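Chemist: would you be able to build a 3D model of this:
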Amino acid sequence: NSAWGTPIVPVIKPNGNVRLCADYKVTLNKVIKDVNYPIPRIEDIFSNMNGGQFFCTLDISNAYLHMVMDDASSEMQTLSTHKGLFKVNRLMFGVKTAPSIWQRFMDSTLQGIEGVQCFFDDILVQGATYDETLERLRTVLQVLRSKNLRLNKEKCKFFERSIKYLGHVIDGYGLHKSKEKVEAVINARRPTNVSELKSFLGLVTYYSKFISNFSDIVPPLNSLLQKNKEFKWTPACEKSFQKVKEEISNEKTLAHFDPSLPLVLATDASPIGLGAVISHRMN
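Modeler: Alright, predicted model coming up:
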């Protein structure tokens with residue numbers, strides 16, 4: 001017997017396995033308080049990549065399920081199924097506070113280890129030399145073992161000179177766009193409604209830092225997102241759509257931020273947009 005009962009939601013993972021989640025937005029999420037812990041900004045993570053020549057990525061398997069809940073929390077996470085009610089003893093996917101709780105735990109776990117970045121269950125270890133990377137990786141693995149955290153070995157990569165992380169490709173030269181995501185933009189069909197346009201803009205906005213004058217290119221597309229406005233694809237929209245594809249297909253590398261070098265800030269603005277570029281003067 002339980003005063004709680006949340007319906008289950010099976011989610012098919014990319015590898016075909018099933019992840020058991022729950023629709024807590026109709027039950028638990030309505031009544032629990034938020035956990036005010038900051039999630040790392042992707043830009044802040046990428047600003048710490050300077051000097052890396054060897055890279056390792058580690059993926060924690062079923063991350064939330066490593067966290068043991070107390071009796072009261074387990075009771076509130078109770079699942080309602082066709083075979084009855086089941087109390088959940090680990091942190092469940094779908095609880096609104098789970099991302100912040102997990103990120104706080106991982107930041108505390110990896111605190112103080114040089115050359116390590118963590119975004120939820122994705123860990124990156126980098127070093128200027130093979131030996132430095134190995135030493136940092138050994139430290140990270142020892143810490144993970146001490147916390148009984150398990151890795152998904154199929155998703156782990158070790159001592160790569162170029163590696164995929166958070167939708168980008170990273171190497172010693174800088175930050176690059178993912179080939180797969182670029183192809184997805186180039187092959188995208190012309191949006192026919194607001195939902196499709198939002199999906200397209202969400203993908204290209206993630207790479208907007210690679211696109212010169214992005215805020216001057218996309219206003220015709222953004223105008224179609226206005227409420228109570230007819231979705232009418234104009235020649236200006238088509239021109240903007242094709243220009244975004246053209247720009248994103250260009251090979252560009254964003255150099256890693258180097259705190260030892262002076263910064264040059266260039267700004268500009270127009271009636272429809274504003275922008276800025278932070279640069280290094282490279283030797």
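Chemist: could you pull out the strands for the stretch 101-250 of the chain?
Modeler: Under the criterion DSSP state E, counting those that start in this stretch, strands of the stretch 101-250 of the chain are mapped to 116-119, 122-127, 157-160, 162-165, 168-171, 174-177.
Chemist: for those strands, which one ends up most surrounded?
Modeler: Highest mean neighbour count of these: strand 122-127, a mean of 24 (counted as mean count of other Cβ atoms under 10 Å). Every residue, glycine included, has its C-beta placed from N, CA and C.
Chemist: three-state assignment of residue 85?
Modeler: Put simply, residue 85 is strand when judged by DSSP: H, G, I helix; E, B strand; the rest coil.
Chemist: that one against residue 7, yeah?
Modeler: No. Between residue 85 and residue 7 there is no contact under Cβ atoms under 8 Å: 11.2 Å.
Chemist: that older thread, quick one: closest of the strands of the stretch 101-250 of the chain to residue 18.
Modeler: Residue 18 lies closest to strand 122-127 among the strands of the stretch 101-250 of the chain, at 21.2 Å (Cβ to Cβ).
Chemist: only C-alpha atoms, please: export that closest one in CSV.
Modeler: Output of strand 122-127 as CSV, limited to C-alpha atoms (Å, rounded to 0.1, in the frame of the first residue of the first chain):
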residue,chain,number,x,y,z
ASP,A,122,29.6,12.4,-19.6
ILE,A,123,33.2,12.8,-18.3
LEU,A,124,36.1,14.1,-20.4
VAL,A,125,39.7,13.7,-19.3
GLN,A,126,42.5,15.6,-21.2
GLY,A,127,46.2,16.1,-21.0
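Chemist: find residues that contact each of residue 85 and residue 7.
Modeler: residue 79 (Cβ atoms under 8 Å, 6 or more residues apart in numbering).
Chemist: ok, now which ones touch residue 188?
Modeler: Residue 188 neighbours (Cβ under 8 Å, 6+ apart): 200, 203, 245.
Chemist: pLDDT check: weakest of those?
Modeler: Sorting the contacts of residue 188 by pLDDT puts residue 203 at the bottom of the list (88).
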